[in-house]
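Trainee: Build the 3D model from these lines:
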Amino acid sequence: MGRLVFVAGLAVSTFASQAAWLTFAPVSTRVAEDLGVSPEAVGLLAVMYPAFYLLLTLPSGALIDRDVRLWASAGAVLTGLGASLRLLDPLDYRWLAICQALAAAGQPFLLNSFAAVAGSLFPERKGMVVSILSLSMYMGIIYSLATGYRVYEALGVVGLVAPVAVASLVGALLSIAGAARLGRVSGQAGGRWRLRDALSKDIVLLGLLVGLGIAIFDNMSIWLEAALSPAGLGDVAGVAVAASLVSGLIGVALIPGVVAGRGLRTIYFRLAAATAAIIFLTLALAPSRASLLVLMVLLGLVMLPAYPLVMEWIATFHDRRVHGSAAGLVGLVSRILTTTLALAAPLFIGSPSTYFMYLALLAAAALVVALMLPGDR
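Mentor: Now for the predicted structure:
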């Protein structure tokens, strides 16, 4: 029972972490007015997440390999503190930045624990556990993007912050309760941690692939409204990204098990990247409400299952004693790309066509990386 409560707590905390990350993204220009800052300053609250991940991914992975129970719970507690303390002064930008830093520091301990939790606590069902935790990650993003505009219109900034605060506290309490009922998790690394124990060519390539994929969705989550606004399409940004993520949930639930079972992970990565490049080229040529909604749904369906497949790859093909470190290395490589590309995105938000051409280039780069991956049979 302890391991079920523990995983449930991590799932709720992961949901809250992602929801806290993008709380203000659907209404960044409106929230900027309330806080008395620029829309770019509000966007930087979200950019803190990939920046902190970059700083903490290797240390968090190494610590998770020593005690996944302790350090995954620490991620849940940091998320609970950061998301709930925002309620104390939700209209003060500097206070929000401090709270965002706390929550951002917790994220790598949560995300880098997926493979370690699955491999150590549920070796017989690792694919299912990775999919559940990945689903909670995506659901947190969907919640903020899909409900943000309407919640803000009805309840303002407090309405945006309060539900996430409650979820974060629930997740932290469940994680602590589950961890207390577990002993030291077997199979964790002992002795001195060494980077080369987890480093390999496929880990680097997977990191590049994840980085480009996350960069695409991070960019859309943070900057899509600003890029579409010059064409009068800003109001559809949150709905389009949320619809993409909803369809992605269906893909995450159905696709990874089939792909992994048949040893088609590498082929799937290549097909997903090629499909994304075609979608963005189409949107660059013909951006409209209809094309955005239809093609973004297809984008989510094919792209989002790639992340749990990467985590499942680690849990399947790498020593369970370094699952956290391998995930941390993937995170390091990916966040270097993600942070850089997220900061570069404002250079391309002058028009929808320019912005989607930028995303098409990222997808094309992902295809090149996927072509370099080894087979997975």
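Trainee: can you map out the helices along the protein?
Mentor: 2-21, 28-35, 39-66, 68-85, 93-111, 114-121, 126-180, 201-228, 237-261, 265-285, 289-303, 306-317, 323-344, 352-372 (DSSP state H).
Trainee: Find the one among these with the highest mean neighbour count.
Mentor: helix 114-121 (a mean of 28; mean count of other CB atoms under 10 Å). (Each C-beta comes from the backbone N, C-alpha and C, glycine too.)
Trainee: Which strands or helices does that one pack on?
Mentor: Here helix 114-121 touches helix 2-21, helix 68-85, helix 126-180, helix 306-317, helix 323-344, going by 3 or more CB pairs under 8 Å, 6 or more residues apart in numbering; DSSP states H and E.
Trainee: Next, format the ones you listed as a markdown table and append distance to residue 237 and mean pLDDT.
Mentor: Shown next, in a markdown table, are the helices and strands packed on helix 114-121 (distance: least, CB to CB, whole Å; pLDDT from 0 to 100):
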| stretch | distance to residue 237 | mean pLDDT |
| --- | --- | --- |
| helix 2-21 | 16 | 94 |
| helix 68-85 | 23 | 95 |
| helix 126-180 | 9 | 91 |
| helix 306-317 | 22 | 89 |
| helix 323-344 | 16 | 83 |
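Trainee: Of those helices, which is nearest residue 94?
Mentor: Across the helices and strands packed on helix 114-121, the minimum distance to residue 94, taken as CB to CB, is reached by helix 68-85, at 12.9 Å.
Trainee: So residue 225 versus residue 135, what's the distance?
Mentor: Using CB to CB, to the nearest Å, we find residue 225 at a distance of 25 Å from residue 135.
Trainee: Next: residue 363.
Mentor: Here residue 363 is placed at a distance of 23 Å from residue 135 (CB to CB).
Trainee: ok, now residue 293?
Mentor: 22 Å.
Trainee: go on, residue 117?
Mentor: 14 Å.
Trainee: Also residue 151?
Mentor: For residue 151, the distance to residue 135 equals 22 Å [CB to CB].
Trainee: outside of stretch 329-340, which residues touch it?
Mentor: With CB atoms under 8 Å, 6 or more residues apart in numbering as the test, stretch 329-340 has contacts from 47, 50-51, 53-54, 57-58, 61, 108, 111-112, 195, 198-199, 203-204, 206-208, 210-212, 214-215, 218, 310, 314.
Trainee: same thing with stretch 168-187?
Mentor: Contacting residues not belonging to stretch 168-187 are listed as 1-17, 20, 67-70, 72-73, 76-77, 79-84, 103, 119-121, 320-321 [CB under 8 Å, 6+ apart].
Trainee: Test my guess that residue 29 contacts residue 223.
Mentor: No. In this structure, residue 29 is not within contact of residue 223 by CB atoms under 8 Å, at 11.9 Å.
Trainee: Mutual contacts of these two, please.
Mentor: With CB under 8 Å, 6+ apart, residue 29 and residue 223 have no common neighbours.
Trainee: Name all residues that make contact with residue 38.
Mentor: Residue 38 makes contact with residue 32 under the criterion CB under 8 Å, 6+ apart.
Trainee: Can you check what pLDDT the model gives it?
Mentor: We note a pLDDT of 88 for residue 38 in this prediction.
Trainee: any idea how far it lies from residue 317?
Mentor: Residue 38 is 45 Å from residue 317, where distance means CB to CB.
Trainee: Repeat that for residue 200.
Mentor: If you go by CB to CB, the gap between residue 200 and residue 317 works out to 9 Å.
Trainee: same check, this time on residue 298
Mentor: Here the criterion is CB to CB. By it, residue 298 lies 29 Å from residue 317.
Trainee: what do you get for residue 25?
Mentor: Counting by CB to CB, the gap from residue 25 to residue 317 is 35 Å.
Trainee: Residue 374 now?
Mentor: Counting by CB to CB - residue 374 and residue 317 are separated by 10 Å.
Trainee: Mind listing the shared neighbours of those two?
Mentor: With CB under 8 Å, 6+ apart as the test, residue 374 and residue 317 both reach residue 202.
Trainee: check contacts around the one residue sitting closest to the centre of the chain.
Mentor: In the chain, the residue lying closest to the centroid (CA atoms, centre = their mean) is residue 137, at 6.1 Å. If a contact means CB under 8 Å, 6+ apart, then residue 137 has 14-15, 17-18, 111, 307 as its contacts.
Trainee: now do 7 Å
Mentor: Residue 137 sits next to 14, 18 when contact means CB atoms under 7 Å, 6 or more residues apart in numbering.
Trainee: Look up how far residue 344 lies from it.
Mentor: In this view, residue 137 and residue 344 are 24 Å apart by CB to CB.
Trainee: and if you look at residue 29?
Mentor: Look at residue 29 and residue 344: by CB to CB, they are 21 Å apart.
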